[in-house]
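A.B. asks: Attaching a predicted model along with its sequence, questions to come.
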Amino acid sequence: MGDTGPTGPVMDRDEVDRALARLGAEHEAVETSLLALQDHAGRRLLEGAGLTGVTAVRWSAAEASITLLWAYFDAYTGALRTAREIRSRRRWSSREDLAELTELLRGEAVTVAGSTAAAANAATPDGGPGRLSERYSLAALVDRMNQLYATSLDMVVAADAVWSALPARIDLLAAELQRTRKLAHSVGVRPGEHPSGDDLERITRTLTRLREQVVSDPLAFWRPAEGSSAPGGGRPDTTVYDREARALEEVRREIDAVLAVRQDAEQRIVRLRDVLSRADRTLAEARTARGEVLAKIAATEVPVVGGPPIVLQEQLAAAAEYRRHAQWHRLSPLLESLEEKAEDELLRARESLTAVTAPLAVRAELRGRLDAYKAKMARLGHAGDPELNEKYEKARRMLWSAPCDLRVAEQAVLRYQHAAADVLGSARRVPGQGGPVDRTEPGA
């Protein structure tokens, strides 16, 4: 068919039928999508919610877009119905019918008039001055509806995703918070008395405020996916929720520690008393030993022995008082500190005793060495050597007299050792030849 019009060549009957079939399928798909949007749970929630912030602004625009969508769809439906009526007038459409159908199916034959056109301009971010009417082709009208549908669905799906994810999780965390608060109160962890009690109050306020914000302004907690154009592409922002969940977990660990103190407080206090008692006894032994060393050892610096840990005893008494009055939140950190300090005090007492008795240990070592050499010389048949006996007696008098000068006594022991080594060397030397001197230790 060679006729042409403002929209180009006039369509033949087959082209018209194919176009009507395609437009009918598009009409059905658009209607299904609009009905699904109308029934979407997120849209129904948005309609009934007291919205604030960015959600209120975007929902106002989305409502206008949805209203406009239905107006466009009605215009599209009317135009499609008119085209079908023209095609159904006669089995073989006349040239005039085909020209009219070509204009209707391809041209800007759909008029959107009055308030609908004004709404269309308002719903377009870069829309110009309002016009009394707009004309669209059916294809352009479908594109326009798809655009409005995508932006409206994106907003609805995002709000619904936040509402589906966050309020329920916040409620579960709030229920766990209430259980933790009751447990905390039972062990004396209360606001103003314990840091964890203050933390629980802060978490409670934050969760209450967070839930109110999520319900009234869900889009403030939506993070769109970068590079995604699909409606609803993104995820709920759980930053605040996650932070408070971690804070509550830290409080629960603190409460567990306090509960553990309540369960074994008596045993821990008994152990602390035992450790501090051992430290006191060790210090007393060190003080006694220091007096002995000063009396028996001459020319020796003996370290001063400190007194008993009065502060630790006072803290131990305070711990017992906390236990008696069930002040577990105060007892917990005190016991942890005391256990570390008590072990340090016992170690200090033992080190003090070791330092004080060091001169006695040196004297004992010298005595043992002297007697061991004397026994060896007797075993080898030199018990009657006058020089050796003289050196032995001199060293022995020094080591068994008080006060003992360790430096002089050690020199006397060394002289006896050297004399013994000389005697052994002379006895083993082969006549006419030099021989080695036996300087082996006793018992070698």
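C.D. replies: That came in fine, so what should we check first? Just so it is clear, the model here is predicted, and its values are computed rather than measured.

A.B. asks: Next, the contact list for the residue nearest to Phe221 when sequence neighbours are not counted, please.
C.D. replies: In space, and not counting its chain neighbours, Phe221 is closest to Asp237: 4.7 Å by C-beta to C-beta, 6 or more residues apart in numbering. To be clear about C-beta, it is placed using only N, CA and C from the backbone, and glycine gets the same treatment. Contact analysis of Asp237 by C-beta atoms under 8 Å, 6 or more residues apart in numbering lists Phe221, Trp222, Arg223.

A.B. asks: From those, list just the buried residues.
C.D. replies: Buried residues within the contacts of Asp237, counting neighbours by 16 or more other C-beta atoms under 10 Å: Phe221, Trp222.

A.B. asks: Next, the residue nearest to Phe221: phi, psi?
C.D. replies: Here is the backbone geometry of Asp237 (degrees, to the nearest 10): phi -90, psi 110.

A.B. asks: now it: how far from Pro231?
C.D. replies: Applying C-beta to C-beta, to the nearest Å, the value for Asp237 to Pro231 is 18 Å.

A.B. asks: try Arg223
C.D. replies: In this structure, Arg223 and Pro231 are 15 Å apart, going by C-beta to C-beta.

A.B. asks: With Leu68 instead?
C.D. replies: As judged by C-beta to C-beta, Leu68 and Pro231 stand 17 Å apart.

A.B. asks: neighbour-wise, which of the two wins?
C.D. replies: Neighbour totals were compared for Leu68 and Pro231, and Leu68 leads with 24 against 15 (other C-beta atoms under 10 Å).

A.B. asks: Could you count how many residues lie near Arg95?
C.D. replies: Arg95 has 10 neighbours, counted by other C-beta under 10 Å.

A.B. asks: Equivalent analysis for the one 10 residues further on, please.
C.D. replies: Residues within reach of Leu105, counting by other C-beta under 10 Å, total 24.

A.B. asks: picking that back up, mind pulling the model confidence for the residue nearest to Phe221?
C.D. replies: If you check Asp237, the pLDDT there is 92.

A.B. asks: now the one 3 residues further on
C.D. replies: We note a pLDDT of 94 for Val240 in this prediction.

A.B. asks: With Gly2 instead?
C.D. replies: As summarised for this prediction, Gly2 has a pLDDT of 47.

A.B. asks: Run through the stretch 301-444 of the chain and note the low-pLDDT ranges.
C.D. replies: Applying pLDDT under 70 to the stretch 301-444 of the chain picks out residues 427-444.

A.B. asks: buried stuff in stretch 336-350?
C.D. replies: In terms of neighbour count (16+ other C-beta under 10 Å), stretch 336-350 has its buried residues at Leu338, Lys341, Ala342, Glu345, Leu346, Ala349, Arg350.

A.B. asks: I'd guessed the third one sits against Arg273; true?
C.D. replies: No - between Ala342 and Arg273 there is no contact under C-beta atoms under 8 Å: 9.1 Å.

A.B. asks: so what's Ala140 up against?
C.D. replies: Glu108.
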